[in-house]
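**Q** sequence? don't have it. structure:
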């Protein structure tokens, strides 16, 4: 029976190809240093072979990583169809670019040509890096959106339940009402932190330090998640309180 192609499988493929790339890069460096030292035809051919192999493996790493991101997006319930489709299209375009790049590598048989192709991939990866950060940010944000919607629905249901109990006079609901207010406050704070994260993510393309900008966005999303956890804890307390109603 064929193994289901899910995120775990896709990410394993990426890790496998990344390890192959690391090995090929070590071989490439050794062959390059040997050629620069001896300048023989044999060492040149070996350098050519190892350069080709390394560039191919490098492209494969980017392709498998973009595939893993794409699969992760399909498993994320918090994003709108439009948001997902835009990211799908961009990831597919990157995948296609590096697949075409691999074909060009196969066609070229000089070190000079391969050096030029390497420079092209470096330039393209500047765009790829931005897309990776944008996609990761969208994935994490989608999780928060989904969780926030669930908690919002729970608050709505509990508000109705507390209102019923208050009208019947079965129990003093003042404590539950305070906790509901706290949960709503945490929900608002979570939304504010997510907006802060989105502002940072929108700056990645122009940022000189993309990693730092992304980390700042991720920190805001983590804080957003913490507020949601706190909101959820208040709701659990409310449920326990209501169970004690006569």
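**A** Received, thanks. Because the structure is predicted, anything quoted here is derived from the model rather than measured.
**Q** now do the helices in this structure.
**A** 7-38, 41-74, 81-107, 111-168, 174-201, 210-243 (DSSP state H).
**Q** residue 149: neighbour count?
**A** 12 (other C-beta atoms under 10 Å). (Each C-beta comes from the backbone N, C-alpha and C, glycine too.)
**Q** which ones are touching it?
**A** residue 78 (C-beta atoms under 8 Å, 6 or more residues apart in numbering).
**Q** return the residues in contact with the residue nearest to the spatial centre of the chain.
**A** Central residue of the chain (C-alpha atoms, centre = their mean): residue 136, 2.1 Å from the mean position. Residue 136 makes contact with 69, 214 under the criterion C-beta under 8 Å, 6+ apart.
**Q** domain parsing for this structure?
**A** Split into domains by automatic domain parsing, the chain comes to 7-107, 142-243.
**Q** need the ones you listed in a markdown table (columns: mean pLDDT and distance to residue 116).
**A** Listed next are these as a markdown table, based on pLDDT from 0 to 100; distance: least, C-beta to C-beta, whole Å:
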| stretch | mean pLDDT | distance to residue 116 |
| --- | --- | --- |
| domain 7-107 | 96 | 10 |
| domain 142-243 | 94 | 25 |
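**Q** and of the ones you listed, who's closest to residue 121?
**A** domain 7-107 (5.9 Å; C-beta to C-beta).
**Q** how far does the closest one stretch from start to finish?
**A** 33 Å (C-alpha to C-alpha, to the nearest Å).
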